[in-house]
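Asker: My questions are about this predicted structure, shown below with the sequence.
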Amino acid sequence: MIEIAGVSLALGGSRILDNVSLTVPKGGVTALVGPNGAGKSSLLSLIARLRPLQSGRITVDGLPVDTTPSRQLAKIMAILRQDPGVASRLRVVELVGFGRFPHHRGRLTAKDHEIIAASLEQFDLSDLTPRFIDTLSGGQRQRALVAMTFCQGTDYILLDEPLNNLDMFHARNLMRTLRRIADEHGKTVLIVLHDINHAASYADRIVAMKDGAVVASGQTADVIRPDILESIFGFSMRVEHIDGRLTVLHHA
Amino acid sequence: MTDVVIQRVMRHEGRLVMMAAVAMLVGVAFMTIGLRGNLAFVIELRAARLAAMVLVGVAVAVSTVVFQTVCANRIITPSIMGLDALYVFCQTALVFALSGFGFAGIDPRLHFLGNFTVMTSLALALFLPMLRRRFDLTLMLLTGVVLGVLFRSLTTLLARLLDPNDFAVLQGAVFASFNTVEPDLLLLAGVITVAGVAIAWRARHILDVLSLGTDTAIGLGVAWRGTAAGLLVLVAALVSASTALVGPMAFLGLLVVSLAERIVGTNRHAILLPAAALTAIIVLVGGQTVLQHALGGEGSLGIVVEFVGGIVFLAILFAGGRR
Ligand SMILES: Nc1ncnc2c1ncn2[C@@H]1O[C@H](COP(=O)(O)OP(=O)(O)OP(=O)(O)O)[C@@H](O)[C@H]1O
Ligand SMILES: [Mg+2]
């Protein structure tokens, strides 16, 4: 369970998050949606202790993120940021392998190699393993980063717009993989999405943010409603059941 | 997949072995070429110089690699923190206060420890605030640069007031030179360097993770602030020890790290740290051998290294700009 209580954040004099309280239950996929600048990435980096907490309290699995040793947190929670520049000149296999660092702290075991290989396979990277990251296409690089996050093998996975740059095939593949690890392994996935239909078809719960506050939160079917969507995004759209799936028609 | 990894590791390690062999060869050449006169005396003198060069080379190379990784910048040297400038200023102030004669009379051990303490204190004053607040690396570096400029102008001011004899003594003290090395100091500097290098070596995997960027490193469980502060203190201790032993060597680190990177072709610290250290030994010992025998002079290796290092630095900048 991720518990966020009374979290506010001010940067450069402006209020980015305003007294956010939220509980993400253990197990399942929770999608975080909302317009640009709503504070989704800021909230994620606070949960993942990438930024110091200014006020309020955040716990992951009961562990307060501001006082628990970073290494202990790295074994239960992995984060993929929205645009993590990879500074170092690395090959795909090396980058993905870094995901195992919290477990081995330097010396990879046979089990680590196995997990790395499986992760590479999972995200269709097997042919790219010897390539340098800076020679990949945008979507290929994104897949390598996702594979690295998966490799970490944590119970909690935070993903900030992981579908960026992915083609339809790989976006669907990623969402289905998330669904599967949540269902089969009880993982807790918190994922920032802009494509509302991905959220509608794969998420168990949806949390909507706007102007630094949570404006809606609940079961997917309770949030994917025309009135709520209009209040979040500022235009009206139709919501239909197509083959039993909630579908938002927002192109009109 | 594993084949690729194994092949690469073997290639990197092969390069390291080759570099170690070259370093040994250069060392043997330095010790044996042109031996004449009182053999025992000459060999002892050369051994002391060789030890000093190895110590300084390793300290400078390791500190530069660590500093560059923590700062996420491959064209930066620890001398940006103003430690070299502080060293030169302290020597100038000492010569000014005690005159050249009094300066030469200072107990070398006391002198070494004094220099070491002053330099590490400055570094601590610069780094330790970062443990408390959200730490701004750029601000810290900028403070170092400004302090460096301040020390340099104070040095110029004081140096103007020195008489020519004192000034000559000062020149001897502030240009890195291996011609006179006190065995006692060698031991002191050796202890600091060995301890520092051992810590850096133990941190090699953490250094690899740090080079992925701050956020990724935290996500992978590195306690960033404490780790970075600790590593910077390590850098300061290594730089201070080597500077207090022979004098400032600003460009040596930059020169050898970029050469080593090109030779081994990896940023992995398990390879890069020893490669940079070996390169430094080869450059210093090789340079001194050439200086001593081919050029026949008693010239200062420090000046030569600064000159060559400066040119390499410009070359890297231009090459980097074109890429
Ligand atoms: N360092 C900073 N200083 C000042 N303001 C900032 C800083 N970082 C973010 N902000 C502001 O905080 C607000 C929230 O940013 P955040 O990145 O959390 O939005 P987001 O919901 O992830 O948006 P997007 O969908 O575009 O990724 C934005 O208005 C942004 O401009
Ligand atoms: Mg964002």
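Answerer: Great, that's in hand. Ligands and ions are numbered 1, 2, ... in the order given.

Asker: How about residue A:61, nearest residue that isn't a chain neighbour?
Answerer: Nearest residue to residue A:61 in three dimensions, chain neighbours excluded: residue A:76, at 5.7 Å (C-beta to C-beta, 6 or more residues apart in numbering or on different chains). Quick note: C-beta positions are derived from backbone N, CA and C, even for glycine.

Asker: and that neighbour, what does it touch?
Answerer: A:60, A:61, A:63, A:154, A:155, A:156 (C-beta atoms under 8 Å, 6 or more residues apart in numbering or on different chains).

Asker: show me the contacts for the nearest residue to the third one once chain neighbours are set aside.
Answerer: The shortest distance from residue A:63 to any residue that is not its chain neighbour, by C-beta to C-beta, 6+ apart, is 6.6 Å, and that residue is residue A:73. Neighbouring residues of residue A:73 by C-beta under 8 Å, 6+ apart: A:49, A:60, A:63, A:65, B:221.

Asker: ok, residue A:73 to residue B:211 distance?
Answerer: 21 Å (C-beta to C-beta, to the nearest Å).

Asker: ok, and for the helix or strand hosting the residue nearest to residue A:63, which residues are buried?
Answerer: Secondary structure from DSSP states H and E places residue A:73 in helix A:70-74. For helix A:70-74, a neighbour-count test (16 or more other C-beta atoms under 10 Å in any protein chain shown) marks A:70, A:73, A:74 as buried.

Asker: What strands line up against the helix or strand immediately after it in the chain, and which way round?
Answerer: Counting by DSSP H and E, the element after helix A:70-74 in chain order, helix or strand, is strand A:77-80. With DSSP bridges as the criterion, the sheet partners recorded for strand A:77-80 are strand A:156-160 (parallel).

Asker: Compute the inter-axis angle for the helix or strand that the partner strand is followed by and strand A:156-160.
Answerer: Per DSSP H and E, the first helix or strand lying C-terminal to strand A:156-160 is helix A:168-185. With axes from the mean of the first three to the mean of the last three C-alpha atoms, to 10 degrees defining the directions, helix A:168-185 sits at 160 degrees from strand A:156-160.

Asker: Buried residues in helix A:168-185, which are they?
Answerer: Buried-residue list, helix A:168-185, by 16+ other C-beta under 10 Å: A:170, A:171, A:173, A:174, A:175, A:178, A:179, A:181, A:182.

Asker: Check the burial of residue B:315 by counting its neighbours.
Answerer: Look at residue B:315: counted by other C-beta atoms under 10 Å in any protein chain shown, it has 11 neighbours.

Asker: Just the element for it, please.
Answerer: helix B:301-322.

Asker: pLDDT (mean, whole number) over that helix?
Answerer: The pLDDT scores in helix B:301-322 average 71.

Asker: Return that helix as PDB; C-alpha atoms alone will do.
Answerer: Output in PDB follows, covering the C-alpha atoms of helix B:301-322 (Å, rounded to 0.1, in the frame of the first residue of the first chain):
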ATOM      1  CA  LEU B 301      58.200  17.600 -15.100                       C
ATOM      2  CA  GLY B 302      55.200  19.500 -13.700                       C
ATOM      3  CA  ILE B 303      55.600  22.300 -16.300                       C
ATOM      4  CA  VAL B 304      55.900  19.800 -19.200                       C
ATOM      5  CA  VAL B 305      52.800  17.900 -18.000                       C
ATOM      6  CA  GLU B 306      50.800  21.100 -17.600                       C
ATOM      7  CA  PHE B 307      51.800  22.100 -21.100                       C
ATOM      8  CA  VAL B 308      51.000  18.800 -22.800                       C
ATOM      9  CA  GLY B 309      47.900  18.500 -20.600                       C
ATOM     10  CA  GLY B 310      46.600  21.900 -21.600                       C
ATOM     11  CA  ILE B 311      47.000  21.100 -25.300                       C
ATOM     12  CA  VAL B 312      45.100  17.800 -24.800                       C
ATOM     13  CA  PHE B 313      42.400  19.600 -22.900                       C
ATOM     14  CA  LEU B 314      41.900  22.000 -25.800                       C
ATOM     15  CA  ALA B 315      41.900  19.000 -28.200                       C
ATOM     16  CA  ILE B 316      39.200  17.300 -26.200                       C
ATOM     17  CA  LEU B 317      37.100  20.400 -26.100                       C
ATOM     18  CA  PHE B 318      37.300  20.800 -29.900                       C
ATOM     19  CA  ALA B 319      36.800  17.100 -30.600                       C
ATOM     20  CA  GLY B 320      33.800  17.200 -28.200                       C
ATOM     21  CA  GLY B 321      32.400  20.200 -30.000                       C
ATOM     22  CA  ARG B 322      32.500  18.600 -33.300                       C
END
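
Asker: So what pairs up with the residue most central in space within chain A in the strands?
Answerer: Nearest residue to the geometric centre of chain A (C-alpha atoms, centre = their mean): residue A:159, 1.5 Å. With DSSP bridges applied, residue A:159 shows beta-bridge pairing to residue A:80, residue A:191.
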